[in-house]
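In: Structure of the sequence below:
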Amino acid sequence: MTPTAVPRPDAQELAAAGLALSVEGPVATVTLDRQEVRNAQTPAMWRMLATLGESLVTDDAVRVVVLRGAGSTFSAGLDRAMLDPAGAGDGVETVASLLALDDASMSAVIDDYQRGFTWLRDPRILSVAAVQGYAVGAGFQLALSCDLRVLAEDAQLCMKESALGLVPDLTGTKPLVEAVGYARALEICVSARMVGAAEALRIGLALEVVPTEALDETVAGLVQALTSAAPDAVRETKALMLSAATTPLEDQRRLEREAQARRFRALAGG
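Out: All right, here's what the predicted structure looks like:
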């Protein structure tokens, strides 16, 4: 059964959360648009990303989502004002407000925040992060949520949470370990050091590294390649890739057979 399309937030709602959206054919571009604070993130942004994401993955016309930051920085991470209960203004949801909750309620709220990241892994779309400048903390985790990452030569990635006495909690730990392995992922997180673009390419965090002025053209070429195959075949393939690392061989073989049977029948009009 095809899921019911979810209404898409309008431009004003997106702007209020620090986001912008453009859709051209099968490609949706989501831009973090808070240049004045280097696209720092807030709970309101995470909640809106979850709502926007649900609308995009349920839109059959959208096949690829490109995620980028406005200006010269992808995202500097969490807006530090969100750590100060009095620093963001009346009625503004802050991370500091979590301290007023019991453990179960705090977990539920963080779960809501995480949904702003997890939709980028949905098999119904392919996601590409176009990263230039800093991708720190929540910014790094947002880039990690995407299927593919193309970096400008000036990109600097950092999992900053441990330096603040926190842990990465916006779903970045799993894709980081999958990309670089346990030991390197642990070192990157605990040291909170910067990972430059060249190292990111070498250790598997980046699909490609290009001069900053070539980032847009490179991403456009990648998107064109990603949209050249049959949409349903792409969705089935992504689902198989997502399950491959943790699924026993016999179960993965079964999933491949079942997916191929669906493709054969679809192609035959059955």
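In: use CA for all of it now, contacts and neighbours both
Out: Noted.
In: mind listing the helices for the stretch 1-150 of the chain?
Out: With helices called from DSSP state H, counting those that start in this stretch, the stretch 1-150 of the chain shows them at 11-16, 43-57, 103-118, 138-145.
In: which residues touch the lengthiest helix in the chain?
Out: Longest helix of the chain, by residue count under DSSP state H: helix 249-267. Residues outside helix 249-267 that contact it (C-alpha atoms under 8 Å, 6 or more residues apart in numbering): 232-233, 236, 240, 243-244.
In: picking up where we left off before, check the helices of the stretch 1-150 of the chain for me and report the most buried one.
Out: Highest mean neighbour count among these (mean count of other C-alpha atoms under 10 Å): helix 138-145, with a mean of 27.
In: Would you list the phi and psi of Gly25?
Out: phi 60, psi -130 (degrees, to the nearest 10).
In: For it, list the residues it contacts.
Out: 61-62.
In: any idea how far Ser145 is from it?
Out: For Gly25, the distance to Ser145 (C-alpha to C-alpha, to the nearest Å) stands at 23 Å.
In: Flag the shaky bits of the protein, pLDDT-wise.
Out: 1-3, 86-90, 270 (pLDDT under 70).
In: The spatially most central residue of it: what's it in contact with?
Out: The chain has Ser145 as the residue nearest its centroid, 3.4 Å off, counting by C-alpha atoms, centre = their mean. For Ser145, the contact set (C-alpha under 8 Å, 6+ apart) comprises 117-118, 120-121, 171-172, 175.
In: nearest to Val136, of those residues?
Out: Relative to Val136, the closest of these is Gly172; by C-alpha to C-alpha it sits at 11.5 Å.
In: give the contact list for that closest one.
Out: 140-142, 144-145.
In: at 10 Å what do you get?
Out: Contacts for Gly172 (C-alpha atoms under 10 Å, 6 or more residues apart in numbering) come out as 114, 117-118, 137-145, 159.
In: I'd like these as CSV, with distance to Phe74 appended.
Out: Converted to CSV, these look like this (distance: C-alpha to C-alpha, whole Å):
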residue, distance to Phe74
Gln114, 19
Phe117, 15
Thr118, 18
Gly137, 11
Ala138, 11
Gly139, 7
Phe140, 9
Gln141, 11
Leu142, 10
Ala143, 9
Leu144, 12
Ser145, 14
Met159, 14
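In: Could you identify the most distant pair in the residues you listed?
Out: Using C-alpha to C-alpha, the pair of those lying farthest apart is Thr118 and Met159, separated by 17.7 Å.
In: what about the closest residue in space to Glu54 that isn't next to it in sequence, how many neighbours?
Out: Leaving aside its chain neighbours, Glu54 sits nearest to Val6 (6.5 Å; criterion: C-alpha to C-alpha, 6 or more residues apart in numbering). By other C-alpha atoms under 10 Å, the residues close to Val6 number 15.
In: nearest spatial neighbour of Val177, skipping sequence neighbours?
Out: Nearest in space to Val177, with sequence neighbours left out and distances taken as C-alpha to C-alpha, 6+ apart, is Ala185 at 5.4 Å.
In: Tell me how far the one you found lies from Glu208.
Out: Distance of Ala185 to Glu208, given as C-alpha to C-alpha: 19 Å.
In: Then Val109?
Out: 35 Å.
In: swap in Ala179?
Out: According to C-alpha to C-alpha, Ala179 stands 14 Å off from Glu208.
In: Neighbour count for these two, which is higher?
Out: Using other C-alpha under 10 Å as the criterion, Ala179 and Glu208 rank with Glu208 on top: 20 against 16.
In: what's the neighbour count on the residue lying closest to the more buried one once chain neighbours are set aside?
Out: Spatially, and ignoring its direct neighbours in sequence, Glu208 is nearest to Val150 (5.1 Å; C-alpha to C-alpha, 6+ apart). Neighbourhood size, Val150 [other C-alpha under 10 Å]: 25.
In: show me the contacts for Leu157.
Out: The neighbours of Leu157, taking C-alpha under 10 Å, 6+ apart as the test, are 74-76, 131-137, 139-141, 143, 151, 188, 192-197, 199-200, 205.
In: The strand or helix carrying it: what's the following helix or strand?
Out: For Leu157, the host element (DSSP states H and E) is strand 156-158. Later in the chain than strand 156-158, the nearest helix or strand by DSSP H and E is helix 173-180.
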